[in-house]
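*Asks:* how would this look folded up:
(chains A and B)
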Number of protein chains: 2
Amino acid sequence: MKDLESLSASQAIKALSKREIRATDLLLSCLDRIGQKESAVRAWTSLGKENALSRAKQLDKGAFQGILHGLPIGVKDLYDTFDLPTSYGSPIYADHYPITDAVSVALIRQAGGIILGKTVTTEFASFKSGVTTNPHQSKHTPGGSSSGSAAAVADFMVPLATGSQTAGSIIRPASFCGVVGFKPSLGKVSIAGVKSLSVTLDTLGCFGRTIEDVGLGVAAMSGDHRLAKIEALHNKPRIAICKTSNWSAAQKETATALAVARHAAEAISKGTVGDIKLSKDFDGLTQAQSRIMLSEMSRSLLFERVHFAKKLSPQLSKQLSEGAEIGYEQYTKDLRHASMAKASVEDLFSNEIDILIAPSATGEAPNIKDGTGDPIFCREWTLLGLPCININVTSGPNGLPVGIQLIAGPGKDHFLLSAARAFALALPDPTLRDQA
Amino acid sequence: MKDLESLSASQAIKALSKREIRATDLLLSCLDRIGQKESAVRAWTSLGKENALSRAKQLDKGAFQGILHGLPIGVKDLYDTFDLPTSYGSPIYADHYPITDAVSVALIRQAGGIILGKTVTTEFASFKSGVTTNPHQSKHTPGGSSSGSAAAVADFMVPLATGSQTAGSIIRPASFCGVVGFKPSLGKVSIAGVKSLSVTLDTLGCFGRTIEDVGLGVAAMSGDHRLAKIEALHNKPRIAICKTSNWSAAQKETATALAVARHAAEAISKGTVGDIKLSKDFDGLTQAQSRIMLSEMSRSLLFERVHFAKKLSPQLSKQLSEGAEIGYEQYTKDLRHASMAKASVEDLFSNEIDILIAPSATGEAPNIKDGTGDPIFCREWTLLGLPCININVTSGPNGLPVGIQLIAGPGKDHFLLSAARAFALALPDPTLRDQA
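*Replies:* The predicted model follows:
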């Protein structure tokens, strides 16, 4: 019965479904761990201990509820929850209780997941840091915006936690914290009930310590339960490395990460794993993503700008002003650019490639006083709406984890999980194979 | 100063911007009209008289605020408003006050629009009727789900009101009430802060008495202010009639409407206006839309199903159960079908056609006891995400209005408004030309 908090979500669910362990004990182990570590990590904005315990007891007595039966889960505080305060990382909404759950939260509960608490997000999932530290080294950032979810999962406080990505808010913190982060295809999980930054970009996903776990999480959040079962690869996939046009931002450890990834990919790939240079359709897509995001944010947070200007951080206020300055014609042009690039990437994935490997971040987690890190290596993939998964492959000069992201064609979420699993099992460091 | 309530939005804004009329007087005229007619029409769920009057006074004294300066506006009660109760057409949320405005409502206010009140929606924008009657004949339905907005605009209670369409909830009530209804391209207006039925389909738009007015409305709601100025057509458009695969559902007056529309279209079209039969890619798209909608609704309203099952109408409960029964593979197949059809329709609009004309509804407004009418002629266009506009062209056996919809290629909202205006000016009945 000891160390239940270190079970992966999938291991825990198997044991729970056979009634080998009780949901109550798993929950208490997680709460114990939180009790020990939270003062340093600060991953949570609120915990719903009593509700969670009463739900766990109910599940221990009752019938098997679903694919997340009895699993404690952290929910990013950008998601509405009817029974836990939801402040979107902003003092404007301190102590706000939404009237409903976000759609994905309702789906998690229906699948038997137990919402243990809310995790720290940066201010409105933007760039102003929250209070969370990197559980590996507290002087470093866990990344943003899904800071608390990534840190809580990395620190064994909870096996699964939800996130959202508009620029790089799942993949980057997953890399910084050394956990698996899964941003599924755009639209896979309903964004209803999650504070909106950009309806064009906002994508929901989750963090786990294994690939199987994040499949399970997104299976529940989306209702696509096929994602809960990862199939073995039928054929060897065609894999290529994409350093992207932002390669000059990559630090040495990111280059190392790609080298390690290439080695593992060679083992499972059809043919050699070469470098791919994206066509001209992709030039400037990072900048287009940035402008679309800022432009939409200036509208999405208009209510807050008008009514609570003084409660917005100077950083965010500045960003919103910049966004409001972007002309609608530029915005439309950027959307058209994205639309063309989407068609182009669909061709690429149909004809040439099955999996791309790209950096997850510029390097290991920066010092916390320098912010939450740069989402530059995620922006274009988010805009393209492709499913992406972060896998930890090496470590940086401070010994912090460094991941890469595997990217599949639009809608190929199921296949991505299969490829990611095969890839992780081919990693040279055997301890990293546990991510599979 | 009399009859201010009968001014179109554009006329009123012109007069307001020149300070020829006061926002306060326009508002009082609308309130007068509501006082006279509301007991029969029942278009409103709440009115915010005091806030609206104080805002009108402020605008009368202050600088020009924006493209909707001083215009009273009705907001469908599916949209969140921080200062007016928002119940989504359901007793579950009676007296609910959201903590923020929907993004589009905040944009309307920023443009100087005055939110006069909330208008009746069917239960969660689904099929159970609200209390609103058709202002032309109270025994008939105004259509749904944007019942109150269409009726309020038709009855001169307000010059402009917002709507939303998941199947046919803007175009159909606009046809039944004889007003202009504009469903812009999917994604044009942010859906954030509007109760979600289906993130794949939900599209926001508005009702007005002229084409210029709905352009103004969507200009403010989206931030795309180019839509506030309708340009003259540069070239004669290629126009075709599309009776769709659902033509057997059309009543006689709908056939008449298409005949009238063909006549008007001939006057502005490049070449003759023939009939177009869509390619096989479009077969079954109506049914695919229906399944996608039901499947997503069963997830979107899961929280309500779990917590408030008894407060859902039997109709809606049944629909949600049906939706929950649709397998995820079928749902995915339908989404892929839609995606292929979107590519195909983009080709069609690039190569062959500029504007399609299709029925807005099966006929004139049915008797109120038979429900809100059938959205069958709107489902596929909504799924395709194309901009659509309803224009009143004739009347049915009971003397009720019957419209047709003009449809343009994806993202061609601006062009659609230009074509719609030219079309309306070519209508044989001179009184109907006032819609331009």
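*Asks:* Please, where are all the helices along chain A?
*Replies:* A:9-17, A:23-41, A:49-61, A:103-110, A:147-154, A:171-177, A:211-222, A:252-268, A:285-300, A:302-307, A:314-325, A:328-351, A:379-384, A:413-425 (DSSP state H).
*Asks:* so how far is stretch A:376-393 off the chain centroid?
*Replies:* 10 Å (Cα atoms, centre = their mean, to the nearest Å).
*Asks:* May I have it as PDB, with CA atoms only?
*Replies:* Presented in PDB, the C-alpha positions along stretch A:376-393 are these (Å, rounded to 0.1, in the frame of the first residue of the first chain):
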ATOM      1  CA  ILE A 376       9.000  29.800 -29.800                       C
ATOM      2  CA  PHE A 377       9.400  26.200 -30.800                       C
ATOM      3  CA  CYS A 378       5.700  25.500 -30.200                       C
ATOM      4  CA  ARG A 379       4.000  28.400 -31.800                       C
ATOM      5  CA  GLU A 380       3.800  27.100 -35.400                       C
ATOM      6  CA  TRP A 381       2.700  23.600 -34.400                       C
ATOM      7  CA  THR A 382      -0.100  25.000 -32.300                       C
ATOM      8  CA  LEU A 383      -1.200  27.300 -35.100                       C
ATOM      9  CA  LEU A 384      -1.200  24.300 -37.500                       C
ATOM     10  CA  GLY A 385      -3.400  22.400 -35.000                       C
ATOM     11  CA  LEU A 386      -1.200  19.300 -35.100                       C
ATOM     12  CA  PRO A 387      -1.100  16.800 -32.300                       C
ATOM     13  CA  CYS A 388       2.200  17.100 -30.300                       C
ATOM     14  CA  ILE A 389       3.700  15.200 -27.400                       C
ATOM     15  CA  ASN A 390       6.700  16.000 -25.300                       C
ATOM     16  CA  ILE A 391       9.000  13.200 -24.200                       C
ATOM     17  CA  ASN A 392      12.000  13.700 -21.900                       C
ATOM     18  CA  VAL A 393      15.200  12.600 -23.600                       C
END
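*Asks:* quick one: it near chain B?
*Replies:* No - using Cβ under 8 Å from any Cβ of the partner chain, stretch A:376-393 never reaches chain B; the gap is at least 11.7 Å. C-beta coordinates here come from the backbone N, C-alpha and C atoms, glycine included.
*Asks:* what distance separates the start and the end of stretch A:75-92?
*Replies:* Counting by Cα to Cα, to the nearest Å, you get 19 Å between the two ends of stretch A:75-92.
*Asks:* near chain B, which residues of the stretch 151-300 of chain A?
*Replies:* Residues of the stretch 151-300 of chain A lying near chain B (Cβ under 8 Å from any Cβ): A:187, A:190-193, A:196, A:199-200, A:223-226, A:296, A:299-300.
*Asks:* repeat that for 6 Å
*Replies:* Within the stretch 151-300 of chain A, the positions adjacent to chain B are A:Ser190, A:Ala192, A:Ser196, A:Val199, A:Gly223, A:Asp224, A:Arg299, A:Ser300 by Cβ under 6 Å from any Cβ of the partner chain.
*Asks:* Relative to B:Gly35, how far out is the nearest residue to the second one once chain neighbours are set aside?
*Replies:* It stands for A:Ala192. Distances taken as Cβ to Cβ, 6 or more residues apart in numbering or on different chains place B:Ser196 nearest to A:Ala192, at 3.4 Å, with adjacent residues excluded. Distance, B:Ser196 to B:Gly35, by Cβ to Cβ, to the nearest Å: 34 Å.
*Asks:* what about those two, which has more around it?
*Replies:* Between B:Ser196 and B:Gly35, counting by other Cβ atoms under 10 Å in any protein chain shown, B:Ser196 is the more crowded of the two (24 against 10).
*Asks:* follow-up on the earlier one: how about the residues of the stretch 151-300 of chain A next to chain B, which pair is most distant?
*Replies:* A:Asp224 and A:Arg299 (30.3 Å; Cβ to Cβ).
*Asks:* ok so, going back, any chance of the helices of chain A in JSON lines, with distance to B:Leu71 and mean pLDDT too?
*Replies:* Below are the helices of chain A laid out as JSON lines (distance: least, Cβ to Cβ, whole Å; pLDDT from 0 to 100):
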{"stretch": "helix A:9-17", "distance to B:Leu71": "53", "mean pLDDT": "97"}
{"stretch": "helix A:23-41", "distance to B:Leu71": "51", "mean pLDDT": "98"}
{"stretch": "helix A:49-61", "distance to B:Leu71": "46", "mean pLDDT": "98"}
{"stretch": "helix A:103-110", "distance to B:Leu71": "34", "mean pLDDT": "98"}
{"stretch": "helix A:147-154", "distance to B:Leu71": "43", "mean pLDDT": "98"}
{"stretch": "helix A:171-177", "distance to B:Leu71": "44", "mean pLDDT": "98"}
{"stretch": "helix A:211-222", "distance to B:Leu71": "41", "mean pLDDT": "98"}
{"stretch": "helix A:252-268", "distance to B:Leu71": "53", "mean pLDDT": "98"}
{"stretch": "helix A:285-300", "distance to B:Leu71": "19", "mean pLDDT": "98"}
{"stretch": "helix A:302-307", "distance to B:Leu71": "18", "mean pLDDT": "98"}
{"stretch": "helix A:314-325", "distance to B:Leu71": "22", "mean pLDDT": "98"}
{"stretch": "helix A:328-351", "distance to B:Leu71": "21", "mean pLDDT": "97"}
{"stretch": "helix A:379-384", "distance to B:Leu71": "35", "mean pLDDT": "98"}
{"stretch": "helix A:413-425", "distance to B:Leu71": "45", "mean pLDDT": "98"}
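*Asks:* Among the ones you listed, which comes closest to B:Val41?
*Replies:* Short answer: helix A:302-307, nearest of the helices of chain A by Cβ to Cβ, at 30.5 Å.
*Asks:* chain center to the closest one: distance?
*Replies:* 28 Å.
*Asks:* Could I get the buried residue list for that helix?
*Replies:* Neighbour counts over helix A:302-307 (16 or more other Cβ atoms under 10 Å in any protein chain shown) mark A:Leu302, A:Phe303, A:Glu304, A:Arg305 as buried.
*Asks:* tell me which of these is nearest to B:Leu47?
*Replies:* A:Phe303 (21.3 Å).
*Asks:* Could you pull up the residues touching that closest one?
*Replies:* For A:Phe303, the contact set (Cβ atoms under 6 Å, 6 or more residues apart in numbering or on different chains) comprises B:Thr100, B:Asp101, B:Ala106.
*Asks:* isn't the second one right next to B:Phe82, touching?
*Replies:* Okay, so that is B:Asp101. Yes - contact criterion Cβ atoms under 6 Å: B:Asp101 and B:Phe82 qualify, at 5.3 Å.
*Asks:* When those two are compared, which one has more neighbours?
*Replies:* Neighbours were counted for B:Asp101 and for B:Phe82 using other Cβ under 10 Å; B:Asp101 has more, 27 against 16.
*Asks:* Roughly how far does that one sit from chain A?
*Replies:* 5 Å (Cβ to the nearest Cβ, to the nearest Å).
*Asks:* Identify the residue nearest that residue in space, chain neighbours excluded?
*Replies:* Per Cβ to Cβ, 6+ apart, closest to B:Asp101 is A:Phe303, 4.9 Å.
*Asks:* who in the stretch 301-436 of chain A is up against chain B?
*Replies:* Remark: the part of the stretch 301-436 of chain A in contact with chain B comprises A:Leu302, A:Phe303, A:Tyr328, using Cβ under 6 Å from any Cβ.
*Asks:* contacting residues around the first one?
*Replies:* Shown in contact with A:Leu302 (Cβ under 6 Å, 6+ apart): B:Ala106.
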